[in-house]
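A.B. asks: Build me a model from this:
(2 chains)
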Number of protein chains: 2
Amino acid sequence: MKKIINDANLVLEDMLKGMVAAHPEYIKKLENADVLVRVDSPIDGKVALVSGGGSGHEPAHGGYVGKGMLDAAVAGAVFTSPTPDQVYEAIKAVDSGKGVLLVIKNYTGDVMNFEMAKDMAEMEGINVKAVVVNDDVAVENSTYTAGRRGIAGTIFIHKIAGAKAETGASLEEVTRVAEKVISNVRSMGMAISSCIVPAAGKPNFTLGENEMEIGMGIHGEPGTHREEIKTADEITEHLMSKILEDIKLSSGEEVAVMVNGLSSTPLMELYIVNKKVNEILEEKGVKIHKTFVGEFMTSLEMAGFSITVLKLDSELKELLDAPANTPAFKVI
Amino acid sequence: MKKIINDANLVLEDMLKGMVAAHPEYIKKLENADVLVRVDSPIDGKVALVSGGGSGHEPAHGGYVGKGMLDAAVAGAVFTSPTPDQVYEAIKAVDSGKGVLLVIKNYTGDVMNFEMAKDMAEMEGINVKAVVVNDDVAVENSTYTAGRRGIAGTIFIHKIAGAKAETGASLEEVTRVAEKVISNVRSMGMAISSCIVPAAGKPNFTLGENEMEIGMGIHGEPGTHREEIKTADEITEHLMSKILEDIKLSSGEEVAVMVNGLSSTPLMELYIVNKKVNEILEEKGVKIHKTFVGEFMTSLEMAGFSITVLKLDSELKELLDAPANTPAFKVI
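C.D. replies: Residues are numbered from 1 along each chain as shown, chains lettered A, B, ... in the order given. Next comes the predicted model:
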């Protein structure tokens, strides 16, 4: 295992130090928890957004803490759900009295621990709601999941619900918008190489010399199948067909697109994928309002990518376009 | 070779299509050349900045085309200098009459072809100046270079000279600022895996199971030496010691830092590196004004990173902080 780390047991601690050192104008770390919060939190009159999960998906979620997106990100060990008390500390740190929305990716551990933290906070009189993101159309149920997994589409919930919260909207309104994004967003991914959890020291799975896996999860959970690698156009057509089977789009409708690199796939290749995504949607008469190409929800050093399509209406469009200023996601 | 492409001969064409499709609000492609220019160019009363080089370093340089940075980026084939006529087309497309500054990374082919394009444009009566970036302290002379190589420090020239150009400054003034950044910026990198040029289909170099290369170039040019991989702290100390030998920093001085991923290194590891960079500078009493952690100048799928340190004065600080709005680099 070749990794640029100091000690497999220190990766989370070292990373959080490095993040705070890099972005002191955006984030600070809670003293008693592996939680990054906005430097200016709690923010009076604003619903707070809290997300998080296992580490290894950077910039998710600490990179999205800032104006117009998250108020706190809870960081578990690599690929490991944060404990309820960590989430609880996050909730307490950012609640201004206006309430807190938890944005949970659909993994059994995350859902359980975030829900427990919600209960703990409610017993303290904090108003908390939770939404569960399940954008991955690849498989129903999976290694760590009942139902569908939550992957890169989660960033659209951060962005849009975060923008709604900035308007001073109520917790009910912010939750309604988050739910709307969840019901409108679909993703699917593929990988050509695995990732190595530092503490395990060996790849999560292995693929043959010319093999790819379609529909795997961001922790290396099995996908729909493996086959010989095809062209970027063919792979993109397959992923888009699965996404578009699941969310019907008619000519004239508008979407946002995210082509998300899992880590080792060059940006060059992500743009090549985006070329085909664009052609497919154009052919259907679907208008692309905005496209994001880059690394938004990674999987340690896995090579591969996911495509996310978000169906927009005028409310979602306006909130997507609203300003955001975070370390990893800026809208001007 | 597993790559997410359609055809090794189409990577540049497909990528440029995908980039324009993703960022139509920022960039358009010249019809007759592999050049991305600002949608609003030429911009009256503004010196234009043109950079570029071989592809495979994305987001460099097309991702930096936009307000406050570049006016045009010329894209050669993978790791191959663009031809003089391509650079010439870029110059013609963006010159508003106020003159054009070429920002060239120090590679023999780039310098030669950009200089030839400069001569061609001057014969047409366009006022052109050129600066050559040579921030890599690792080695003097190299596979494709006389003198030092230009690597990730180049982004600071784009940012700072670009901000100067936005003020309406003269070509002489923009050039002076670019030269000041070049004289104040130093970088050095390391790799733990190689990259594969699509048309070659095999790795540029190979490293042993536990081996790393120190000081290699962004095309896989040899560095100072190879050795067994060490901890992130030890590697960072070595790179920083080389950088700080070359640019003396005294207590109280201010710098900007860039920790740049070459592609396959997880963001988690880049932040772990940044932790140590921060500690080293703090110990010297050097103030870090701003830190950038991410992928700014990549090398196809190479795993590894570089560190860049830019010594600031009040002029450079103000220009670094000025707004920028490009696909890959935004300052709010």
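A.B. asks: mind giving me the domain split of chain A?
C.D. replies: A:8-184, A:185-313+A:327-331 (automatic domain parsing).
A.B. asks: Same list (the ones you listed) but as CSV, adding mean neighbour count.
C.D. replies: From N, CA and C alone the C-beta is placed, and that goes for glycine too. Formatted as CSV, the domains of chain A follow (neighbours: other CB atoms under 10 Å in any protein chain shown):
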stretch, mean neighbour count
domain A:8-184, 22
domain A:185-313+A:327-331, 21
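A.B. asks: need those domains in a markdown table with mean pLDDT and distance to B:Leu36, can you?
C.D. replies: Below are those laid out as a markdown table (pLDDT from 0 to 100; distance: least, CB to CB, whole Å):
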| stretch | mean pLDDT | distance to B:Leu36 |
| --- | --- | --- |
| domain A:8-184 | 97 | 25 |
| domain A:185-313+A:327-331 | 97 | 11 |
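A.B. asks: Please enumerate the strands of chain A.
C.D. replies: A:27-29, A:35-38, A:48-55, A:72-78, A:100-105, A:128-133, A:185-193, A:211-214, A:225-228, A:254-261, A:287-294, A:303-312, A:324-325, A:330-331 (DSSP state E).
A.B. asks: closest one to B:Pro82 among these?
C.D. replies: B:Pro82 lies closest, by CB to CB, to one member of the strands of chain A: strand A:287-294, at 22.3 Å.
A.B. asks: Please name the strands paired to the closest one in the sheet, noting orientation.
C.D. replies: strand A:254-261 (parallel) (DSSP bridges).
A.B. asks: Please report the separation between the first and final residues of stretch A:137-145.
C.D. replies: The stretch stretch A:137-145 measures 13 Å between its terminal residues, going by CA to CA, to the nearest Å.
A.B. asks: A:Thr291 contacts A:Tyr271, doesn't it?
C.D. replies: No: here A:Thr291 does not reach A:Tyr271: they are 10.0 Å apart, not a contact under CB atoms under 8 Å.
A.B. asks: Show me the common contact partners of these two, please.
C.D. replies: Residues touching both A:Thr291 and A:Tyr271 by CB atoms under 8 Å, 6 or more residues apart in numbering or on different chains: A:Val259, B:Ala22.
A.B. asks: Get me the contact residues on the stretch 101-250 of chain A for chain B.
C.D. replies: Contact residues (CB under 8 Å from any CB of the partner chain) of the stretch 101-250 of chain A with chain B: A:Ile192, A:Ser193, A:Glu209, A:Asn210, A:Met212, A:Ile229, A:Thr231, A:Ala232, A:Asp233, A:Ile235.
A.B. asks: May I ask which two of those are separated the most?
C.D. replies: It's A:Glu209 and A:Asp233 that sit farthest apart of these, by CB to CB, at 21.6 Å.
A.B. asks: ok so, going back, could you export the domains of chain A as JSON lines, including distance to B:Asp40?
C.D. replies: Formatted as JSON lines, the domains of chain A follow (distance: least, CB to CB, whole Å):
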{"stretch": "domain A:8-184", "distance to B:Asp40": "26"}
{"stretch": "domain A:185-313+A:327-331", "distance to B:Asp40": "19"}
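A.B. asks: Tell me which stretches of the stretch 1-150 of chain A form helices.
C.D. replies: A:11-22, A:84-94, A:108-123 (DSSP state H, counting those that start in this stretch).
A.B. asks: Distance to A:Lys180 added to those helices, as TSV?
C.D. replies: Shown next, in TSV, are the helices of the stretch 1-150 of chain A (distance: least, CB to CB, whole Å):
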stretch	distance to A:Lys180
helix A:11-22	31
helix A:84-94	23
helix A:108-123	20
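A.B. asks: between those helices, which gets nearest to B:Glu221?
C.D. replies: Among the helices of the stretch 1-150 of chain A, helix A:11-22 sits nearest to B:Glu221 (CB to CB), with 28.0 Å.
A.B. asks: Whether that closest one contacts chain B - can you check?
C.D. replies: Yes: using CB under 8 Å from any CB, helix A:11-22 reaches chain B at A:Val11, A:Asp14, A:Met15, A:Leu16, A:Lys17, A:Gly18, A:Met19, A:Ala21, A:Ala22.
A.B. asks: Pick the one among those residues closest to B:Leu249.
C.D. replies: Nearest to B:Leu249 among the residues of helix A:11-22 next to chain B: A:Ala21, at 17.1 Å, using CB to CB.
A.B. asks: my guess is the closest one contacts B:Val293, does it?
C.D. replies: No: in terms of CB under 8 Å, A:Ala21 does not count as a neighbour of B:Val293; the distance is 9.3 Å.
A.B. asks: Could you tell me which residues touch both of those two?
C.D. replies: B:Asn274.
A.B. asks: Might you report the residue contacts of the residue of chain A positioned farthest from its centre?
C.D. replies: Residue farthest from the centre of chain A, counting by CA atoms, centre = their mean, is A:Glu209 at 29.4 Å. Applying CB under 8 Å, 6+ apart, we find A:Glu209 in contact with B:Lys2.
A.B. asks: again, but for A:Lys180
C.D. replies: By CB under 8 Å, 6+ apart, the neighbours of A:Lys180 are A:Glu315, A:Leu316.
A.B. asks: Please determine how far it is located from B:Gly261.
C.D. replies: When distance is defined by CB to CB, to the nearest Å, A:Lys180 is 35 Å away from B:Gly261.
A.B. asks: CA atoms only: put stretch A:317-330 into PDB for me.
C.D. replies: What follows is stretch A:317-330, C-alpha atoms only, in PDB (Å, rounded to 0.1, in the frame of the first residue of the first chain):
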ATOM      1  CA  LYS A 317     -33.100  26.700 -10.400                       C
ATOM      2  CA  GLU A 318     -33.100  29.900  -8.400                       C
ATOM      3  CA  LEU A 319     -31.700  28.200  -5.300                       C
ATOM      4  CA  LEU A 320     -29.100  26.300  -7.300                       C
ATOM      5  CA  ASP A 321     -27.900  29.700  -8.800                       C
ATOM      6  CA  ALA A 322     -27.900  31.500  -5.400                       C
ATOM      7  CA  PRO A 323     -24.400  32.500  -4.100                       C
ATOM      8  CA  ALA A 324     -22.400  29.900  -2.200                       C
ATOM      9  CA  ASN A 325     -19.000  30.300  -0.700                       C
ATOM     10  CA  THR A 326     -17.300  27.200   0.700                       C
ATOM     11  CA  PRO A 327     -13.800  25.700   0.300                       C
ATOM     12  CA  ALA A 328     -14.900  23.300  -2.400                       C
ATOM     13  CA  PHE A 329     -18.000  24.800  -4.000                       C
ATOM     14  CA  LYS A 330     -18.400  28.400  -4.900                       C
END
